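**Student:** just to be clear, the model below is a prediction. Sequence and coordinates:
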Number of protein chains: 2
Amino acid sequence: MPLRTDKEISLAVIKTACSSCNLRELCLPFGLSEDEMTRLDKLINVRKRIKRNEHLYQAGQPFEFIYAIRSGFFKTDVLLEDGRDQVTGFQMAGELLGLDGIGTEAHSCNAVALEDSEVCYIPFARLEKLSREVQTLQRHFHKVMSREIVRDHGVMMLLGTMRAEERLAAFLLNLSQRFTARGFSHAEFNLRMTREEIGSYLGLKLETVSRAFSHFQEAGLISVQQKHIHILNIPGLKEIMNSHQPPLSAVRAGGA
Amino acid sequence: MPLRTDKEISLAVIKTACSSCNLRELCLPFGLSEDEMTRLDKLINVRKRIKRNEHLYQAGQPFEFIYAIRSGFFKTDVLLEDGRDQVTGFQMAGELLGLDGIGTEAHSCNAVALEDSEVCYIPFARLEKLSREVQTLQRHFHKVMSREIVRDHGVMMLLGTMRAEERLAAFLLNLSQRFTARGFSHAEFNLRMTREEIGSYLGLKLETVSRAFSHFQEAGLISVQQKHIHILNIPGLKEIMNSHQPPLSAVRAGGA
DNA sequence: TGGGGGGCTTGATCTAGGTCAAACGCCGAT
DNA sequence: ATCGGCGTTTGACCTAGATCAAGCCCCCCA
């Protein structure tokens, strides 16, 4: 190793190391020993900054890496030829991107940064190799994939059975919970996405999202100032989320 | 090869063996060598018949196996406390069930047989062990999980952006394609599920499903006789599926 | 062989959310 | 500091699909 001039580089390496990353308990290294983590570190040679609105990958591109978000915020979406598109998820620090590409060896959706972000590139072939050698890593990786499936089932439930305000309440609670897990305020945060992107994710139009926000605010459940959200009443939101509103007629009939 | 007296036993073994299963090209053994397949066979000691309406597993049960469908037809669904439920998928021969359980080590949905079925029990811990030793198996298993994620994104797209008839067309085309892959007629088949189950999967009420079937029949795209479906015009269904109907006003305006 | 019941179809009506339109406000670029 | 434009809010109206209701069909079982 050369001298001096590499100070920068070794700092960069340390900075990249999983073992010193404050997301290690959320991210891929979860549950690994020091030694195992070092081996994982060795796979990850590339870390990049992705600017707001830049693509991390696009549908159709050959799959080679999965990506761990070190900082920032992404959305993934699927585009149909006819112009329809569906946001399939929002991802934040410590979460993995790119799992959709394994099956066909090409990405099946687009990943776009919603704010300036930083991403670790994990060469998938090498990750597979290491996870053949490190059982805890293998197990954890399988869990991550499985949880992604379960998460998607949750979204299907949301899209298939919930009303507009239930969906938005579920969305806010989910964000809040994920921010909390990262040590941020559970009650106050800035949305990184537009009303239209929220709507696409929730199967609603942006106007409906906006109206639901306004309604929550009138009800004192949250306060909204453009992208700034302050959650005032979590139990109230939970109630809305679970309020399987039966047809109104049932309420009318039951009212006697 | 043993002789005579083993004939019975080896027949039984052969019957269970992945290597002689006509689904091996669809199922987990895909791409394995003879030798590797034999090692996979050894994991799978249990094969059970599941009667129509019986549960293969239920949400909350501890996760231990993943299941390969040898024959038959299943649905998976998620139930909310408030009574809402969402069918998250229909599974047929050669497909795997139970991947939802890996993440939390407990199943997160229910799997119910929609007809008398036969299922191979694959102990997950042993599958992980083997896939640490057999790269092709590891790779294939990851692909299966990834494809499940991509499939779920497709359903999210369907639920989030498609109209009722587009959804049903997509559903029929998907079934047709999967039956074809299994050597059955792509044009004619019996639905194993009720209109209500289809509706739950597609985020529609059973009446809407029924009306859409009737409409497709009037349009000469299919013929329906209760559960018996005959697809008469696949391109026509594809057109409906992709017909991103813009608001009618746009059509009116464009008409000049 | 006839009765019962679940599943399906069809019609009439209602409504949540989509669509269209207008105006506002915030923010970044000049 | 001002301008322009995107993102958002809000209102008025419309429609796809839900809801409610009735009757039918088919299959299973006695």
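**Tutor:** Structure received. Numbers count the residues shown, from 1 in each chain, chains lettered A, B, ... in the order given.
**Student:** quick one: low-confidence parts of the stretch 51-200 of chain A?
**Tutor:** Regions of the stretch 51-200 of chain A meeting the criterion pLDDT under 70 are absent.
**Student:** quick one, helices of it?
**Tutor:** Secondary structure of the stretch 51-200 of chain A by DSSP state H, counting those that start in this stretch: the helices cover A:124-133, A:135-161, A:164-181, A:195-202.
**Student:** say whether DNA strand C is contacted by the third one.
**Tutor:** Yes: looking at helix A:164-181 against DNA strand C by Cβ under 7 Å from any atom of the strand, the contacts come from A:A164, A:E165. C-beta coordinates here come from the backbone N, C-alpha and C atoms, glycine included.
**Student:** how about the residues of the stretch 151-256 of chain A near chain B?
**Tutor:** A:152-157, A:159-162, A:200-203, A:242-244 (Cβ under 8 Å from any Cβ of the partner chain).
**Student:** which of these are buried?
**Tutor:** Among these, those classed as buried by neighbour count (16 or more other Cβ atoms under 10 Å in any protein chain shown) are A:152-157, A:159-162, A:200-203.
**Student:** of those residues, closest to DNA strand C?
**Tutor:** Closest approach to DNA strand C among these (Cβ to the nearest atom of the strand): A:G203, at 6.2 Å.
**Student:** and that closest one, what does it touch?
**Tutor:** With contact taken as Cβ atoms under 8 Å, 6 or more residues apart in numbering or on different chains, A:G203 is in contact with A:L158, A:L159, A:R167, B:L159, B:G160, B:T161.
**Student:** can I get the residues you listed in JSON lines with distance to A:L114?
**Tutor:** Compiled in JSON lines, the contacts of A:G203 are given as follows (distance: Cβ to Cβ, whole Å):
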{"residue": "A:L158", "distance to A:L114": "20"}
{"residue": "A:L159", "distance to A:L114": "21"}
{"residue": "A:R167", "distance to A:L114": "20"}
{"residue": "B:L159", "distance to A:L114": "23"}
{"residue": "B:G160", "distance to A:L114": "18"}
{"residue": "B:T161", "distance to A:L114": "20"}
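**Student:** near DNA strand C, which residues of the stretch 151-256 of chain A? Just list them.
**Tutor:** Of all the residues in the stretch 151-256 of chain A, those lying near DNA strand C are A:R163, A:A164, A:E165, A:G203, A:L204, A:K205, A:E207, A:T208, A:Q226, A:L248, A:S249, going by Cβ under 7 Å from any atom of the strand.
**Student:** make it 10 Å
**Tutor:** Within the stretch 151-256 of chain A, the positions near DNA strand C by Cβ under 10 Å from any atom of the strand are A:162-168, A:190, A:199, A:202-212, A:215, A:225-228, A:245, A:247-249, A:252.
**Student:** A:R24 should be in a helix, yeah?
**Tutor:** No: applying DSSP: H, G, I helix; E, B strand; the rest coil, one finds A:R24 to be coil, outside a helix.
**Student:** give the closest residue to it in space, chain neighbours not counted.
**Tutor:** A:C18 (5.5 Å; Cβ to Cβ, 6 or more residues apart in numbering or on different chains).
**Student:** what's the answer for A:E34, then?
**Tutor:** Leaving aside its chain neighbours, A:E34 sits nearest to A:S19 (6.6 Å; criterion: Cβ to Cβ, 6+ apart).
**Student:** in contact with the one you found, which residues?
**Tutor:** By Cβ under 8 Å, 6+ apart, A:S19 lies in contact with A:P29, A:E34, A:M37, A:T38, A:D41.
**Student:** my guess is A:L32 meets A:S131, correct?
**Tutor:** No: contact criterion Cβ atoms under 8 Å: A:L32 and A:S131 do not qualify, at 10.8 Å.
**Student:** which of these two has more residues huddled nearby?
**Tutor:** With neighbours defined as other Cβ atoms under 10 Å in any protein chain shown, A:L32 and A:S131 compare such that A:S131 has more, 23 against 19.
**Student:** doesn't A:V144 make contact with that one?
**Tutor:** No: the criterion here is Cβ under 8 Å, and A:S131 misses it with A:V144 at 11.1 Å.
**Student:** re earlier: now render the helices of the stretch 51-200 of chain A as TSV, adding distance to A:Q91.
**Tutor:** Output for these, formatted as TSV (distance: least, Cβ to Cβ, whole Å):
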stretch	distance to A:Q91
helix A:124-133	17
helix A:135-161	10
helix A:164-181	10
helix A:195-202	12
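**Student:** what do A:L32 and A:S131 both touch?
**Tutor:** Jointly contacting A:L32 and A:S131 under the rule Cβ under 8 Å, 6+ apart are A:L137.
**Student:** appreciated, that's everything.
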